[in-house]
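*Asks:* Sequence isn't available, so here's the structure alone:
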């Protein structure tokens, strides 16, 4: 029998075992980073793999060429950008429109004296090439991007809490409660539709254009149905001015009309969440912002209605063949012609 086995000693390791033992003990020196990695750039954290079935991996992965190298932003960022900048051309139109339909009539005090100023600016915002660029396309873009944003955020919230069916999403109330700004926008859509129908679409269908539509045409409508048009323009102008002023206040960082809560949540916009309470200075600043924004909207609405209802609304009916043509146009309005 071997002497090592008799004494209970193990056999010496061979050369391969010795090399592996040395390699476990000796480590190659590595350089020490002189500066820590940049946390903001994400260099500290490893890149995560994107799931192809996820929102960004599935949609943005298939259509990655649409990003044009502008990475780092989600779809709601680009939709918010579209929603914001699509308001610029309509705002220019509304500035011209309030001048033509309110400020100038207030200065001249008569409809006939105000008509030439409306005719001067009409080619700017009623030309076939400019009207759709200034109004149609931006308004459609603004509405569609806003609805799409609400849908994306509602689905994201439902996915966060695991709501898969329609009933689960309804119980979760994943869509946030519409803000005052959103409600004004939704209310403004049918009102704006009636305005376009009566002043643009019907004259285009009956007479081939709206060259005969002006302040006299509007005054003739007031004379035909004063109750309907007075109520309509009060609601229309108030909703439009508040929506525009509140939107521009939001772009400037004054979130007054856009502050909202999730469904089922009570309290005002000044309340705190998870124990957070605003300081007296913050509350005072928000209250001041609230008064300024709503004050500007109220003054703008009052000025617009003063010219529209106080001067144009009292202009009286037309006469002669012009009044007959206007009567024919109002009778041709679908659905609501009986009220006009």
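*Replies:* Arrived safely. Predicted model, so just to flag it, every value in this text is computed and none were measured.
*Asks:* Which positions within the helix or strand harbouring residue 188 qualify as buried?
*Replies:* Taking DSSP states H and E as the definition, one finds residue 188 inside helix 180-196. Within helix 180-196, the residues that count as buried by 16 or more other Cβ atoms under 10 Å are 180, 181, 182, 184, 185, 187, 188, 191. All C-beta atoms are positioned from the backbone trio N, CA, C, and that covers glycine.
*Asks:* Can you tell me the closest non-neighbouring residue to the first one?
*Replies:* Spatial nearest neighbour of residue 180, excluding adjacent residues (Cβ to Cβ, 6 or more residues apart in numbering): residue 257 at 4.5 Å.
*Asks:* Looking at stretch 291-305 now, give me its mean pLDDT.
*Replies:* The predicted model gives stretch 291-305 an average pLDDT of 95.
*Asks:* Same question for that stretch: list its buried residues.
*Replies:* For stretch 291-305, the neighbour count (16+ other Cβ under 10 Å) marks 293, 294, 296, 297, 300, 301, 303, 304, 305 as buried.
*Asks:* do the same with stretch 101-109
*Replies:* Within stretch 101-109, judged by 16+ other Cβ under 10 Å, the buried ones are 101, 102, 103, 104, 105, 106, 108.
*Asks:* Quick check: residue 95 vs residue 124, distance?
*Replies:* Taking Cβ to Cβ, to the nearest Å as the measure, residue 95 falls 11 Å from residue 124.
*Asks:* So between the two, which is more surrounded?
*Replies:* Applying other Cβ atoms under 10 Å to residue 95 and residue 124 shows that residue 124 carries more neighbours, namely 13 against 10.
*Asks:* And the pLDDT for that one?
*Replies:* 76.
*Asks:* and the end-to-end length of stretch 306-319?
*Replies:* Using Cα to Cα, to the nearest Å, the end-to-end distance of stretch 306-319 comes to 25 Å.
*Asks:* what comes into contact with it?
*Replies:* Stretch 306-319 has contacts (Cβ atoms under 8 Å, 6 or more residues apart in numbering) with 101-106, 108-111, 114, 215-220, 222-224, 226, 229-230, 233-234, 237, 323, 326.
*Asks:* Can I get the buried part of these as one ChimeraX selection?
*Replies:* Burial among the contacts of stretch 306-319 is assessed by 16+ other Cβ under 10 Å; the matching ChimeraX selection reads:
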select :101,102,103,104,105,106,108,111,114,215,216,217,218,219,220,222,223,224,229,233,237,323,326
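*Asks:* quick one: residue 306 from residue 237, how far?
*Replies:* Distance check for residue 306 against residue 237: by Cβ to Cβ, it reads 10 Å.
*Asks:* Poorly predicted segments of the stretch 151-300 of the chain, please.
*Replies:* Applying pLDDT under 70 to the stretch 151-300 of the chain flags the ranges 163-176, 259-278.
*Asks:* and if we set it to 50?
*Replies:* Low-confidence segments of the stretch 151-300 of the chain (pLDDT under 50): 261-275.
*Asks:* Show me the helices in it, by range?
*Replies:* 166-172, 180-196, 202-207, 215-224, 226-251, 280-307 (DSSP state H, counting those that start in this stretch).
*Asks:* And the stretch 1-150 of the chain, by the same measure?
*Replies:* Going by DSSP H, counting those that start in this stretch, the stretch 1-150 of the chain shows helices at 3-7, 15-25, 55, 61-62, 75-85, 88-98, 104-108, 111-126, 128-131, 137-160.
*Asks:* which one is residue 203 nearest to, not counting chain neighbours?
*Replies:* residue 210 (4.2 Å).
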